[in-house]
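Engineer: dropping the sequence and predicted coords here.
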Amino acid sequence: MDKQIYFDTNRKSWDERVAIHRRDATKFYDVQKVLDGHDKLNAIEAAEIGDVRGLRVAHLQCHFGLDSICLARRGASVVGLDFSSAAVAEARALAGQLGVDARFVEGNVYDARGLLTGDFDMVYVTWGAINWLPDIAQWAKVVASLLKPGGRLYLAESHPTILSFDWIDGRIAPRFDWRTPRDRPIIEETANTYTGAADVLDNKTTYSWQHPLSDIVNGLIAAGLALFWLNEHAALTWPLFPNMTVSEDGLYRLPPDHVQLPLAFSLAARRM
Ligand SMILES: C[S@@+](CC[C@H](N)C(=O)[O-])C[C@H]1O[C@@H](n2cnc3c(N)ncnc32)[C@H](O)[C@@H]1O
């Protein structure tokens with residue numbers, strides 16, 4: 001299948017989800033917190049990104065811009081990019097309303113180098129981004145092309161190990177291969193979006209890909225980045241499975257008596 005069909009199908013799903021996420025009936029996105037002037041970065045990235053004051057940041061797959069706005073409030077000059085026109089429109093409206101230094105560009109992440117002007121001190125990619133991308137080595141090249149020499153990537157994502165599992169018959173069980181071939185994506189039909197909102201989606205089909213940690217890290221190295229550090233976390237920013245519970249830090253974990261699995265990873269890499 002032509003990969004454009006994958007992108008077009010996914011984009012329709014994202015376009016439809018934006019209004020549901022912006023309404024935020026389940027408070028998954030904490031939109032009101034951002035409207036009230038507060039920061040909503042999760043404990044993981046808040047502890048790891050460091051000082052972004054004065055940095056030019058490219059926020060890839062920025063959705064409707066909440067994290068972009070938080071980065072701008074922390075003193076960065078932010079450009080968010082997303083291929084959903086609905087997401088970009090909502091992000092622009094929010095940033096305009098809140099008067100922050102965040103601009104938004106519509107486009108496919110694979111076209112980011114041609115769409116974004118100048119080089120960046122930081123490329124920022126988090127939570128639920130790279131699983132929508134068929135080619136992780138090509139994504140790494142795009143990231144490298146956006147960074148100035150010495151600039152860094154911050155990436156935080158669900159751990160590939162846990163993404164091989166699903167909730168089946170009341171327990172966490174293996175379901176997906178650890179590596180998804182580019183031309184044989186995971187095809188899912190989902191009636192609702194992941195926020196728990198009751199809205200039933202018209203655009204139910206999505207295509208996604210599992211990328212092993214080694215493909216991600218080696219892709220970045222091949223693209224000319226050097227790893228600063230790589231962290232694995234027994235916590236996640238959202239309840240992937242129904243048995244996960246939220247802690248005081250706002251992160252979700254498996255019950256203490258459950259086998260502990262890596263739930264998230266994060267890394268920082270510098271362009272040589
Ligand atoms: C789960 S959201 C990411 C949320 C992100 N953590 C944030 O900052 O709010 C995934 C986003 O990726 C975007 N997306 C998916 N595939 C894309 C692609 N090929 N190019 C650009 N954006 C893409 C979707 O439109 C959606 O807004």
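Structural biologist: Here it is on my side, so go on. This is a predicted model, so every value here is computed, not measured.
Engineer: using PDB, list the CA coordinates for stretch 165-184.
Structural biologist: The C-alpha trace of stretch 165-184 is given here as PDB (Å, rounded to 0.1, in the frame of the first residue of the first chain):
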ATOM      1  CA  PHE A 165       1.400  -5.900  25.100                       C
ATOM      2  CA  ASP A 166      -2.300  -5.400  25.200                       C
ATOM      3  CA  TRP A 167      -5.100  -5.800  27.700                       C
ATOM      4  CA  ILE A 168      -6.500  -9.200  26.900                       C
ATOM      5  CA  ASP A 169      -9.000 -11.100  29.100                       C
ATOM      6  CA  GLY A 170      -8.300  -8.900  32.100                       C
ATOM      7  CA  ARG A 171      -4.500  -9.100  32.000                       C
ATOM      8  CA  ILE A 172      -1.500  -7.700  30.200                       C
ATOM      9  CA  ALA A 173      -0.600 -10.100  27.400                       C
ATOM     10  CA  PRO A 174       1.700 -10.100  24.400                       C
ATOM     11  CA  ARG A 175      -0.100  -9.000  21.200                       C
ATOM     12  CA  PHE A 176       2.100  -7.100  18.800                       C
ATOM     13  CA  ASP A 177       5.500  -8.000  17.200                       C
ATOM     14  CA  TRP A 178       8.300  -5.900  18.600                       C
ATOM     15  CA  ARG A 179       9.200  -4.600  15.100                       C
ATOM     16  CA  THR A 180       6.600  -3.600  12.500                       C
ATOM     17  CA  PRO A 181       7.600  -3.900   8.900                       C
ATOM     18  CA  ARG A 182       7.100  -0.600   7.100                       C
ATOM     19  CA  ASP A 183       4.700  -2.000   4.500                       C
ATOM     20  CA  ARG A 184       2.800  -4.100   7.100                       C
END
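Engineer: could you tell me which residues make contact with H211?
Structural biologist: 130-131, 133, 136, 160, 179-180 (C-beta atoms under 8 Å, 6 or more residues apart in numbering). Heads up, the C-betas are built off the backbone N, CA and C, glycines and all.
Engineer: how about the residue lying closest to I221 once chain neighbours are set aside, phi and psi?
Structural biologist: With sequence-adjacent residues excluded and distances taken as C-beta to C-beta, 6 or more residues apart in numbering, I221 is closest to L227, at 7.2 Å. Here the main-chain torsion angles of L227 (degrees, to the nearest 10) amount to phi -70, psi 130.
Engineer: I figured L227 hits L267, correct?
Structural biologist: Yes - with contact defined as C-beta atoms under 8 Å, L227 counts as touching L267 (6.4 Å).
Engineer: can you pull the residues of the chain lying near the ligand?
Structural biologist: Neighbours of the ligand within the chain, by C-beta under 6 Å from any ligand atom: 7, 10, 14, 61-63, 66-67, 82-84, 87, 108-109, 126-129, 132-133.
Engineer: may I see the buried residues of stretch 185-196?
Structural biologist: 185, 193, 195 (16 or more other C-beta atoms under 10 Å).
Engineer: tell me the predicted confidence for the second one.
Structural biologist: Listed pLDDT for T193 reads 96.
Engineer: quick one, phi psi at it?
Structural biologist: Per-residue torsions, T193: phi -80, psi 170 (degrees, to the nearest 10).
Engineer: how far out from the middle of the chain is stretch 107-123?
Structural biologist: From the chain centre to the centre of stretch 107-123 is a distance of 16 Å (C-alpha atoms, centre = their mean, to the nearest Å).
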